[in-house]
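Chemist: pasting the structure only:
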């Protein structure tokens, strides 16, 4: 049992911060046993790790990120989605056939997540089995968790990224055999890249993998008008893009996360709601690729779970704290046009990044009893100009203007995670 | 005479980077004498400061920032413009009647500019003469330059921020006497806060100051619908917001910079063009205060000069590099809705932040002959994953994901500027 003392902040509900000034978190077997304003008498003999005036908050979850686009972070922001894939993304992903290259990059990728306080990810790897296994092992060795998908794709892409359906199925079996155990920190996820990259046969096979191994699903949905038009052309019988996934058993039959959903509305939105599909909102990427402003308030109003994603390298920034700022900004552009569409509060953005996102991994993202102790210790003393900021103002300042320099400790499942 | 060697990047035109790999900049008497791919023979005997593989770029100019809102950076992002002024901004600015408080904050403010590579500013101080003088002296002592405005305001604000017109005029005389010399690095600028804060008498007096002392003007223009409606009510005879300034001689009679211009179009846009008014585009602030997406492409198409502003604390970030990213993102949201409205290239955003903005101060923001040597040396080695990035990709990565850690030297008017 460990006891930590600090200024504790988390969001048990979407609109409410729980704040315990100089409170105590009791952790047992990697899980939160409870938070206390004063230490209960029966715990009085256990030594307390005192973080002084620092903040302790749940760790970040990045719900959509492309690991093999690591090298392209912060470049090539001058194209929209489809040409950007052809000209920048696919050429880089081709390199991951080379396991040596993959190892160099994936080690850096895992370190970048760590630096920015992200302890869990839902990540796309590339189409290559070996380098996907490597990424999963590196994340696991680092003590970090999440779901990693070997990408499935076999059309509208360069030769070297096209797989055969039978190889896709065999690769899935291999990954399941190595990683799909209840206690694994890092587990597989079925990952059809998106409808334009997958033939009906491959989508069918993906649906089969989901059913057979009871695996979750991640993909992209309704990011961009050209993409949506292309999907309509490729799947003319589907009512909409989400329905195209659904027809293959890839929309909520098992837990499903769909990135972007910028143009999701009407019947498509209703389908996400009914199926409990989580939206990975990637506001920076949606700006950079000129996709648009995702209607997050409408998702929340409908009860659709939402997490935040960096979408590196469509997004240029690994920081999920910056994604909170961007998510609020996007919501303010909706609000500006329609004052009945309330913009996101800091509590809501924080909740999306922590408890809402974390629900994809189990009990993750909060400090309520039974939750995994995934946490960051924030030393914001450099950002404090005077003594009169409230704890929530200190959090807001860290979210807006802090960076990796201010994260002084990271925990995942109760373990202190050193730099990988 | 000094000679520097590095990877030189600047924008002599809005759409064109000039890139000299391992080139030479010759600086004489604080001004650029020339840039060279190889050192001319007649300079062969002069010692060269070799920055190796680092980048050297023009320093940043922040064309709109509120110095006395320093403490509020990164908080209070849950209000729109008018209530935000009442609830957060004015209470903080009231404290600047206390010169001791002002000194503590303004020292930090100047250091923040420096850290982020901003060597010139067009800043709002507060209504207080003494603390404005102090800020100007601190900037000057730091070796940095710009225009600083003692704010003029006398209505719709708390008692302690309301000035008498005769005091406003006397304060202007004092500032002109101390600072308005041709060789001053830091000079005054007439600064009516905005129409709602100034009675017709005060606006009249501001126009008088401009004429009498040949001073430039800064203010806010068409930021927000409620504000625009209020101006219409207060100045019913004006055709639009810009016209309201114009009637008092505050719109281009001398060099003028107007922040925001989010909703400027039609006749108002044409008036800015005719008067050569510079727009200070503050994209982060426009998001945070739910103002909207400023039509920068239309300003550029019309030949209206545009610079970038952090607008701290409406904006939460001092980095003009981040403002470039945000400016491109805003332009992509316009492009997403109207494909004929081309989004900003990195070259254009960089040019706005350097040569376009710098024109407000004279020959500033470029490395062409005769320009002041305002420069930053960037060590991006930590950001380099391999040897294959082009110099422009290295610049793009620094702009997107670099920070103050990567700025290793700062020059203003040829002088190395130490941390203030």
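Modeler: That came in fine, so what should we check first? This is a predicted model, so every value here is computed, not measured.

Chemist: going forward, measure contacts between C-alpha atoms and count neighbours the same way
Modeler: Fine.

Chemist: now the helices for the stretch 101-250 of chain A?
Modeler: Using DSSP state H, counting those that start in this stretch, the helices of the stretch 101-250 of chain A run over residues A:129-142, A:165-179, A:200-213, A:225-234, A:241-246.

Chemist: of these, which is nearest chain B?
Modeler: Within those, the stretch nearest chain B is helix A:225-234; the backing value is 9.3 Å (C-alpha to the nearest C-alpha).

Chemist: for the lowest-mean-pLDDT helix or strand in chain A, list every residue counted as buried.
Modeler: When the helices and strands of chain A are compared on mean pLDDT, DSSP states H and E, helix A:81-84 comes out lowest with a mean of 85. Residues of helix A:81-84 classed as buried by neighbour count (16 or more other C-alpha atoms under 10 Å in any protein chain shown): A:81, A:84.

Chemist: list of residues touching the helix or strand that that helix is followed by?
Modeler: Next along the chain after helix A:81-84, taking DSSP states H and E as the criterion, comes helix A:90-94. With C-alpha atoms under 8 Å, 6 or more residues apart in numbering or on different chains as the test, helix A:90-94 has contacts from A:68-69, A:71-72, A:126, A:157-158, A:160-161.

Chemist: most surrounded residue in those residues?
Modeler: residue A:126 (30 neighbours; other C-alpha atoms under 10 Å in any protein chain shown).

Chemist: show me the residue sitting in the middle of chain A in space.
Modeler: residue A:63 (1.2 Å; C-alpha atoms, centre = their mean).

Chemist: what's the spacing between that one and chain B?
Modeler: From residue A:63 over to chain B the distance is 20 Å, taken as C-alpha to the nearest C-alpha, to the nearest Å.

Chemist: ok but that residue is inside a strand, no?
Modeler: Yes: according to DSSP: H, G, I helix; E, B strand; the rest coil, residue A:63 belongs to a strand.

Chemist: for residue A:79, give me the pLDDT.
Modeler: If you check residue A:79, the pLDDT there is 76.

Chemist: now it: phi and psi?
Modeler: With angles defined as degrees, to the nearest 10, residue A:79 sits at phi -130, psi 160.

Chemist: okay, now it: neighbour count?
Modeler: Considering only other C-alpha under 10 Å, residue A:79 is surrounded by 14 other residues.

Chemist: same thing with residue A:73?
Modeler: For residue A:73, using other C-alpha under 10 Å, the count is 21.

Chemist: where does chain A have low pLDDT?
Modeler: Along chain A, no part satisfies pLDDT under 70.

Chemist: how about the residues of it near chain B?
Modeler: A:71, A:73-76, A:78, A:287-292, A:316-317, A:328-330, A:332-333, A:335-336, A:345, A:385, A:393, A:396-398, A:400-401 (C-alpha under 8 Å from any C-alpha of the partner chain).

Chemist: thinking again about what came up before, columns distance to residue A:17 and mean neighbour count on top of the helices of the stretch 101-250 of chain A, output as TSV?
Modeler: Converted to TSV, the helices of the stretch 101-250 of chain A look like this (distance: least, C-alpha to C-alpha, whole Å; neighbours: other C-alpha atoms under 10 Å in any protein chain shown):
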stretch	distance to residue A:17	mean neighbour count
helix A:129-142	30	21
helix A:165-179	35	17
helix A:200-213	36	19
helix A:225-234	37	16
helix A:241-246	34	21
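
Chemist: hang on, the earlier thing: residue A:83: which of the contacts of helix A:90-94 is nearest?
Modeler: residue A:157 (11.4 Å; C-alpha to C-alpha).

Chemist: quick one, what contacts the closest residue to that closest one other than its chain neighbours?
Modeler: Once flanking residues are discounted, residue A:157 sits nearest to residue A:197: 6.9 Å by C-alpha to C-alpha, 6 or more residues apart in numbering or on different chains. With contacts defined as C-alpha under 8 Å, 6+ apart, residue A:197 is in contact with A:152-157.

Chemist: mind running it again at 6 Å?
Modeler: A:153-156 (C-alpha atoms under 6 Å, 6 or more residues apart in numbering or on different chains).

Chemist: turn the contacts of helix A:90-94 into JSON lines, including distance to residue B:172.
Modeler: What follows is the contacts of helix A:90-94, written out as JSON lines (distance: C-alpha to C-alpha, whole Å):
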{"residue": "A:68", "distance to residue B:172": "59"}
{"residue": "A:69", "distance to residue B:172": "55"}
{"residue": "A:71", "distance to residue B:172": "53"}
{"residue": "A:72", "distance to residue B:172": "52"}
{"residue": "A:126", "distance to residue B:172": "64"}
{"residue": "A:157", "distance to residue B:172": "66"}
{"residue": "A:158", "distance to residue B:172": "67"}
{"residue": "A:160", "distance to residue B:172": "70"}
{"residue": "A:161", "distance to residue B:172": "68"}
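
Chemist: ok, the residues you listed vs chain B, which is closest?
Modeler: Scanning these for proximity to chain B, where the rule is C-alpha to the nearest C-alpha, the winner is residue A:71, at 6.7 Å.

Chemist: if I look at the closest one, how far off is residue B:383?
Modeler: As judged by C-alpha to C-alpha, to the nearest Å, residue A:71 and residue B:383 stand 10 Å apart.

Chemist: repeat that for residue A:354.
Modeler: 28 Å.

Chemist: of those two, which one has the most company?
Modeler: Between residue A:354 and residue B:383, counted using other C-alpha under 10 Å, the more crowded position is residue A:354 (27 against 15).

Chemist: from residue A:284, how far out is that one?
Modeler: Taking C-alpha to C-alpha, one finds residue A:354 at 18 Å from residue A:284.

Chemist: likewise for residue A:112?
Modeler: 17 Å.

Chemist: comparing the two, which residue is more hemmed in?
Modeler: Between residue A:112 and residue A:284, counted using other C-alpha under 10 Å, the more crowded position is residue A:284 (28 against 19).

Chemist: tell me which element the more buried one falls in.
Modeler: Assigned by DSSP H and E, residue A:284 falls within helix A:283-288.

Chemist: after that helix comes which helix or strand?
Modeler: Criterion used, DSSP H and E; the element after helix A:283-288 is helix A:296-301.

Chemist: list the buried residues for that next one?
Modeler: A:296-297, A:299-300.

Chemist: next, give me the two most distant ones among those residues.
Modeler: Going by C-alpha to C-alpha, the pair spanning these furthest: A:296 and A:300, at 6.2 Å.

Chemist: and the nearest residue to residue A:302 once chain neighbours are set aside, its phi and psi?
Modeler: Nearest residue to residue A:302, sequence neighbours excluded (C-alpha to C-alpha, 6+ apart): residue A:273, at 6.7 Å. Main-chain dihedrals, residue A:273, degrees, to the nearest 10: phi -60, psi -50.

Chemist: what's the burial count for residue A:273?
Modeler: 18.

Chemist: quick check: residue A:327 vs residue B:239, distance?
Modeler: In terms of C-alpha to C-alpha, residue A:327 sits 37 Å off from residue B:239.

Chemist: residues in contact with residue A:145?
Modeler: Taking C-alpha under 6 Å, 6+ apart, one finds A:120, A:185-186 in contact with residue A:145.

Chemist: ok, and the most crowded of those?
Modeler: residue A:120 (28 neighbours).

Chemist: verify the stated contact: that one with residue A:61.
Modeler: Yes: using C-alpha atoms under 6 Å, residue A:120 makes contact with residue A:61 at a distance of 4.8 Å.

Chemist: just to revisit the earlier point, mind checking which of the residues of chain A next to chain B are buried?
Modeler: Counted by 16+ other C-alpha under 10 Å, these give A:71, A:73-76, A:78, A:287-292, A:316-317, A:328-330, A:332-333, A:335-336, A:345, A:396-398, A:400-401 as buried.

Chemist: which ones among these map onto helices?
Modeler: Of those, the ones assigned to helices by DSSP state H are A:287-288, A:328-330, A:332-333, A:335-336, A:396-398, A:400-401.

Chemist: I appreciate the help and will end here.
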